[in-house]
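Q: sequence and predicted structure, then a few things I'm wondering about:
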Amino acid sequence: MSPLPPLLPVRQRLRAAPLADIEGTVHRQVLASRLRERLRPGARVAITAGSRGIANIDRIIAATVRALRTLGFEPFIVPAMGSHGGGTAEGQVEVLRALGITEERVGAPIRSSMAVVRIGQTPEGMPVHVDRLAWEADGIVVVNRVKKHTDFTGPIESGLLKMIAIGLGKKTQAELIHAYGAEGLRRFIPAVARVVLATGRIVLGLAVLEDGYDQTAAIVAVEPEEMEAVERRLLRRAKAWLPRLPFTTLDLLIVDWMGKDISGTGMDTNVIGRVRIPGERDPRRPRVRLLVVLDLTPASHGNAIGLGLADLTTARLLAKMDRETTYVNGITSGFLERVKIPVVLPDDRTAIETALSRLDPETAANPRVVRLRDTLHLGEFFISPALRAEAEARGLEIVGPPQPVRFSPDGRIEPFEQAFPGLAHRAAVGH
């Protein structure tokens, strides 16, 4: 086995633009919209709530509920997350609960069902479905973060239109679109969303943008007839703010935590440099030779989709994996590589040292190593001394001297928060 070299703590300067007044912004945006023109007093309004770990999503949803009530409407929440939560109504409510979205917290009932209504088809013949409970409301308010997708690149990626097409379409629509692979996502998300928007049932969108530290940076009310054009502009802004690892090549990437609250793919493909979808190009950097992932977040509820992006993992993570939940998500997506189980080692130390042992002797003597808390939080991380010159050239701050990586007697790595001196941005998920 090859031991891990001492690692240096480094800090990366990312775009920081936290929104000072989240609730007030939601209130002003909703009240300034054209909802009064579109709905009568007393109208029943469905608000979408997805499965992603969006910062402050419980506060944003709760503020949306209050704003709609101010306008005289009766809001309720519908889970809009395709096949997530094991593809069951109960499982999707549990996903929302893990995100802090409960009836008590947001002040509105949650109505969950996997039943859908077929409302039409795209010009190419793709059937279009919408959550039955949302469809039976007088209007639908779509809430989602606009960001780069982890599966494909295009003018529309992850945002309001994806929430309409796949989130509101539940497992039925998710399977139909994913059957065409990444190209199907690129082609059918906008096409399906246009059919739904043309019905007039979508009465408003609330687009959320986050800064480099996954803090809420902007909340923008979007009228339905402007949704596609506005989302294109917001996506360009979100991509400019996207945090990345500032290295070209790595011999070993260690990711402490993966999970659905971190990324839809467990680990953000734009960070790890791996997509693993036939026909889709990997990001230009980083090129990672070996990737070890150590644990699965509790908020994932056993969904370990994305595990197949790693080369090695631990018995601890595998024990937390719910295969049924993971496979429902993975099979629906059609990206089966991402749910394959990599090499499983007994503990963190063994997994890391096994990976290092597979490097040639010259590389193993001075490996290029990064240790991340997870792929969502890139403000602070660890690097090996072999990366120091490149890190300094790219403007990273070296926070302290190289320090040995400590393991417990049972081979578990020292928690990231304890190892990093003066950690400024603490992750939301915990040990």
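A: Now that the structure is in, tell me what you want to look at. Residues are numbered from 1 along each chain as shown.
Q: need the three-state assignment for residue 376.
A: coil (DSSP: H, G, I helix; E, B strand; the rest coil).
Q: residues near it, how many?
A: 23 (other Cβ atoms under 10 Å). Where you see a C-beta, it was placed from the backbone N, CA and C, and this is true even at glycine.
Q: how about it: what's its closest non-neighbour residue?
A: Nearest non-adjacent residue to residue 376, counting by Cβ to Cβ, 6 or more residues apart in numbering: residue 262, 4.8 Å away.
Q: go ahead and confirm the one you found touches residue 297.
A: Yes: counting by Cβ atoms under 8 Å, residue 297 is a contact partner of residue 262 at 6.5 Å.
Q: of those two, which one has the most company?
A: Using other Cβ under 10 Å as the criterion, residue 262 and residue 297 rank with residue 262 on top: 29 against 25.
Q: show the contacting residues for the nearest residue to residue 57 once chain neighbours are set aside.
A: Counting by Cβ to Cβ, 6+ apart, residue 57 lies nearest to residue 99, which is 5.8 Å off, once chain neighbours are set aside. Listed by Cβ atoms under 8 Å, 6 or more residues apart in numbering, the contact partners of residue 99 are 49, 51, 53, 54, 57, 58, 261, 299.
Q: residues in contact with the first one?
A: Same thing as residue 49. With Cβ under 8 Å, 6+ apart, residue 49 has these contacts: 57, 61, 77, 78, 79, 80, 96, 99, 101, 110, 143.
Q: would you say the third one is within a strand?
A: Pointing back at residue 77 there. Yes: the assignment for residue 77 is a strand, going by three-state DSSP.
Q: quick one: the closest residue to it other than its chain neighbours from residue 389, how far?
A: Of all residues not flanking residue 77 in the chain, residue 110 sits nearest, at 4.5 Å (Cβ to Cβ, 6+ apart). Computed with Cβ to Cβ, to the nearest Å, the distance linking residue 110 and residue 389 is 52 Å.
Q: quick one: find the helix or strand in this structure with the lowest mean pLDDT.
A: helix 323-333 (a mean of 89; mean pLDDT, DSSP states H and E).
Q: for that one, C-alpha coordinates in CSV please.
A: This file holds the C-alpha atoms of helix 323-333, laid out as CSV (Å, rounded to 0.1, in the frame of the first residue of the first chain):
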residue,chain,number,x,y,z
ARG,A,323,-30.2,-0.3,-4.3
GLU,A,324,-33.9,-0.1,-5.2
THR,A,325,-34.0,3.7,-4.9
THR,A,326,-30.7,4.1,-6.7
TYR,A,327,-31.7,1.8,-9.5
VAL,A,328,-35.1,3.4,-10.0
ASN,A,329,-33.3,6.8,-10.5
GLY,A,330,-30.5,5.3,-12.6
ILE,A,331,-32.6,3.1,-14.9
THR,A,332,-35.1,6.0,-15.4
SER,A,333,-32.2,8.2,-16.5
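Q: give me the contacts around stretch 341-355.
A: Contacts of stretch 341-355 (Cβ under 8 Å, 6+ apart): 1-4, 252, 254, 290, 292, 294, 307-308, 310-316, 318, 407, 410-413.
Q: now the end-to-end length of it.
A: 16 Å (Cα to Cα, to the nearest Å).
Q: also stretch 94-102?
A: End to end - Cα to Cα - stretch 94-102 spans 9 Å.
Q: buried residues of it, list them for me.
A: 95, 96, 98, 99, 100, 101 (16 or more other Cβ atoms under 10 Å).
Q: report the mean per-residue pLDDT for that stretch.
A: For stretch 94-102, the mean pLDDT works out to 93.
Q: repeat for stretch 163-170
A: Here the average pLDDT along stretch 163-170 is 96.
Q: ok, residues contacting it?
A: The contact list for stretch 163-170 (Cβ under 8 Å, 6+ apart) reads 48, 50, 78, 80-83, 114-116, 128-131, 134, 140, 142-144, 173-174, 176-177, 188-190, 192-193, 196-197, 202.
Q: which of those fall in strands?
A: 48, 78, 116, 128, 129, 130, 131, 140, 142, 143, 144, 202 (DSSP state E).
Q: can you give me the neighbour number for the first one?
A: Residue crowding around residue 48 was assessed by other Cβ under 10 Å; the count is 26.
Q: name the strands paired with the next helix-or-strand element following the least confident helix or strand of the chain and say parallel or antiparallel.
A: Using DSSP states H and E, the helix or strand that follows helix 323-333 in sequence is strand 343-345. Strand 343-345 pairs in its sheet with strand 312-314 (parallel), by DSSP bridges.
Q: for the helix or strand following the partner strand, buried residues please.
A: Per DSSP H and E, strand 312-314 leads on to helix 315-320 as the next helix or strand towards the C-terminus. In terms of neighbour count (16+ other Cβ under 10 Å), helix 315-320 has its buried residues at 316, 317, 318, 320.
Q: using CSV, write down the CA coordinates of helix 315-320.
A: C-alpha atoms of helix 315-320 as CSV (Å, rounded to 0.1, in the frame of the first residue of the first chain):
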residue,chain,number,x,y,z
ALA,A,315,-17.9,-0.6,2.6
ARG,A,316,-19.5,2.2,4.8
LEU,A,317,-20.9,4.0,1.7
LEU,A,318,-22.1,0.7,0.2
ALA,A,319,-23.9,-0.2,3.4
LYS,A,320,-25.9,3.1,3.1
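Q: tell me which element the residue nearest the centre of the chain is part of?
A: In the chain, the centroid-proximal residue (Cα atoms, centre = their mean) is residue 263; its distance is 2.8 Å. Following DSSP H and E, one finds residue 263 outside all helices and strands.
Q: tell me who's in contact with it.
A: Counted by Cβ under 8 Å, 6+ apart, residue 263 has contacts 150, 269, 306, 375, 376.
Q: just give me the neighbour total for the first one.
A: Right, the one you point to is residue 150. Residue 150: 24 neighbours (other Cβ under 10 Å).
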